[in-house]
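**Q** coords please:
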Amino acid sequence: MNTDLAIVLGLLGLAIAMFVLNRPRSDGVGMLVLLALPLTGILTVPEALAGFSDPSVIMIAALFVLGEGLVRTGIARRLGDGLVARAGGSSARLLVMLMLIVAALGSVMSSTGVVAIFIPVVLRICARLRIAPGQLMMPLCFAALISGMLTLVATAPNLVVHSELQREGLAGFGFFSFTPFGLPVLLLGILYMLLVRHWLAAPMAEDPAGTGHPTFQELVEDYGLDGRTHRLRLAAGSPLAGRSLKALRLRARHGLNVMAVERSLRFGADLLDPSDDLVLQPGDRLLVDLQAGETALQALCAPIGLTPMPLAGLDPASRPRAVGLVEVLVTPGSGLRGKSVLEAGLRSRRGLTVIGLRRGLHRFDRDFLQERLQAGDSLLLVGPWKELRRSQQGRPDFLLLNQPADLEEPPPAADRAPQALLSLAVVVLLMVTGLVPHVQAALIGCLLMVALGCIDLDGAYRSIHWQSIVLIVGMLPFAVALQRTGGVALAAEALVRLAGGAGPAVLLASLFTATAVIGLFISNTATAVLMAPIAIATARELGMSPYPFAMIVALAASSAFMTPISSPVNTLVLGPGRYRFGDFVRVGVPFTVLVMLVSVVLVSWLLPLR
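**A** Next up, the predicted model:
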């Protein structure tokens, strides 16, 4: 091993360590790589920055825009609503249709985006049909991962492998080159999930109220708010009556965090936003968060004319009101990641109060305000519905779960659905026929989306997940550096020595295993960047066709089924599905082995090795 290779491998090891620790976040690691490699003298600055002009990177950015067009025109939501209508009361039929629809959508747009769209849909379906969410959340994420095996544009690793083939002077893959491999895996996934779905979650308890969403009391129990959340009635002679919340300074003086004010009206009661200028009236019921015990509560309430009341019967999420209570899910690209609840400033910036935090099955009963938020965390928020709806505009930091259906607004370009489908059809047609290069076809689709009113230019720029783009651009120079320093050749020779004598099938299985294992620690895109050159070099070492080896890397990069942190898709469903880490290992590892066996057989059969 020469000195340059040792330096590159050292930088690669450091980058992987930062990915595992998530310090800094992944795009920050990419930027550090872009800075470090030219300083070693192994690559020049233009070579390190060449990824910004890579056609695959441009195409990935364009595909984000196309996916956003499908979201803004409501196509994805309509498919979800149609799913409920056609599935009837059969949970098996529902699972099959869900996986088919998610896989179809994921084949032309971001799988993470598809899962983000469908999580609230699935939660509503589960509440309506009395199905435990855990029975559908894992099928949802597995279908989204499998969708990456259906078309060239379904996932970034496919485009990375395709680009590497072209960089080596080869023809690359076509739009539907992945479909003969992905469809059997999708069928296998559906059958597998039908068999194991009952292991994923216990049946739901009966809900006599039939509300279709968790009650306030259920959320209090789920988030460990017992003893903290109180309902206090303002007596007629209270010194608080007739004064504004700003003047009272209840939080500073008494430790009372007012989440909402319940006020009797002519036709019932409503929850009011506890804004600074709200003037309290006798008879108001204050919904407060207070960490003091019952004895301290009684001592606090008596002098200021407050009387504790039962929480039963209060449900801020049951119908449209000024103020709502809702579960939200922190997204993989959220700006909240890595910040504490206090640093996020949701109360000061948006008037939203965080009153509970869950991470998978673990709940933070107290002192969660300093906890660093992670993708997949569930938060319990109280705040004005107008602010909760506004928080979902653009690229949201969190997804609203269990939102009352009548509060959902129509997509901003709902009347442009036919135009969005037309734009998508043009892209697919151009890519399949090869009339123009794939990147041009994707750009044409973006321009059509804008020209036909499916998305505006500002929305198009906001839809691009720049964190992913920077990560890909930052990792691409590693492939060049490893080739230049002999690292790729060294890895290919080692692979041939270890498995080459056992036959091509064992060699393909070894490549699949190596790619899947590396994908446990770094993103599947970064894994494809590292493994694609090794796969092609291995094929050349053996005098075989590079296409089977490149295909097996692409398929393995999408097989992130084994842990909840293998993919952002898995992380998203961890909380709503109430899964443990071991649930993914128990279900995902056997399925990954099955996918490997099917992939090796299909690749050996459909792609000539010589």
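
**Q** and the helix ranked longest in the chain, which residues are buried?
**A** In the chain, taking DSSP state H as the definition, the longest helix is helix 581-606. The neighbour-count check on helix 581-606 (16 or more other C-beta atoms under 10 Å) flags 583-584, 587-588, 591-596, 598-600, 602-604 as buried. In this view, the C-beta of every residue, glycine as well, is placed from N, C-alpha and C.

**Q** Report the mean per-residue pLDDT for the strand or helix carrying Gly82.
**A** Secondary-structure assignment from DSSP states H and E places Gly82 in helix 75-87. Average pLDDT, helix 75-87: 71.

**Q** What of stretch 30-46?
**A** 91.

**Q** what stretches of the stretch 201-350 of the chain score poorly on pLDDT?
**A** The stretch 201-350 of the chain contains residues with pLDDT under 70 at 201-217, 226-227, 266-270, 291-295, 311-322.

**Q** Would you map the strands across it?
**A** 229-234, 257-265, 268-272, 285-289, 306-309, 323-330 (DSSP state E, counting those that start in this stretch).

**Q** Show me what the second one is packed against.
**A** Applying 3 or more C-beta pairs under 8 Å, 6 or more residues apart in numbering; DSSP states H and E, one finds that strand 257-265 contacts helix 250-254, strand 268-272, strand 285-289, strand 323-330, strand 353-359.

**Q** wait, which of those is closest to Leu79?
**A** For Leu79, the closest of these is strand 323-330, at 20.4 Å, according to C-beta to C-beta.

**Q** Give me the residues contacting that closest one.
**A** Contacting residues not belonging to strand 323-330 are listed as 119, 214, 216, 219, 259-260, 271-274, 316-317, 336-337, 373-385, 388, 397-404, 407, 572, 575-576 [C-beta atoms under 8 Å, 6 or more residues apart in numbering].

**Q** sorry, back to before: give me the contacts around the helix or strand that the helix holding Gly82 is followed by.
**A** Per DSSP H and E, the first helix or strand lying C-terminal to helix 75-87 is helix 91-106. Identification of contacts with helix 91-106 by C-beta under 8 Å, 6+ apart yields 70, 76, 79-80, 83, 86-87, 114-115, 118, 122, 125, 129, 131, 135-136, 139-140, 142-144, 146-148, 150, 154, 186, 189-190, 193-194, 197.

**Q** Distance check, Met431 against Tyr223.
**A** According to C-beta to C-beta, to the nearest Å, Met431 stands 47 Å off from Tyr223.

**Q** scratch that, Val439 is what I was asking about
**A** 47 Å.

**Q** any chance you could map the helices in the stretch 301-450 of the chain?
**A** Counting by DSSP state H, counting those that start in this stretch, the stretch 301-450 of the chain has helices at residues 341-344, 346-350, 385-390, 417-433, 438-451.

**Q** what do you get for the stretch 101-250 of the chain?
**A** 111-129, 134-146, 156-167, 179-200, 216-222, 245-248, 250-254.

**Q** Out of those helices, which is the most enclosed?
**A** Ranked by mean neighbour count, those are led by helix 134-146 with a mean of 27 (mean count of other C-beta atoms under 10 Å).

**Q** could you check the angle helix 581-606 makes with it?
**A** Computed with axes from the mean of the first three to the mean of the last three C-alpha atoms, to 10 degrees, the direction of helix 134-146 lies at 40 degrees from that of helix 581-606.

**Q** what about helix 134-146, distance to the chain center?
**A** 12 Å (C-alpha atoms, centre = their mean, to the nearest Å).

**Q** again, but for stretch 21-41
**A** For stretch 21-41 - counting by C-alpha atoms, centre = their mean - the centre lies 23 Å from the chain centre.

**Q** cool, stretch 437-451 as well?
**A** Taking mean C-alpha positions (C-alpha atoms, centre = their mean), stretch 437-451 and its chain are 25 Å apart.

**Q** what do you get for stretch 564-581?
**A** 9 Å.

**Q** Most distant residue from the centre of this structure?
**A** Gly237 (51.2 Å; C-alpha atoms, centre = their mean).

**Q** Thr538 touches Leu507, doesn't it?
**A** Yes. If you go by C-beta atoms under 8 Å, Thr538 and Leu507 touch, sitting 7.2 Å apart.

**Q** which residues are common contacts for these two?
**A** 495-496.

**Q** thinking again about what came up before, what would the helices of the stretch 301-450 of the chain look like in a markdown table with mean neighbour count?
**A** Putting the helices of the stretch 301-450 of the chain into a markdown table (neighbours: other C-beta atoms under 10 Å) gives the following:
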| stretch | mean neighbour count |
| --- | --- |
| helix 341-344 | 18 |
| helix 346-350 | 15 |
| helix 385-390 | 17 |
| helix 417-433 | 18 |
| helix 438-451 | 20 |
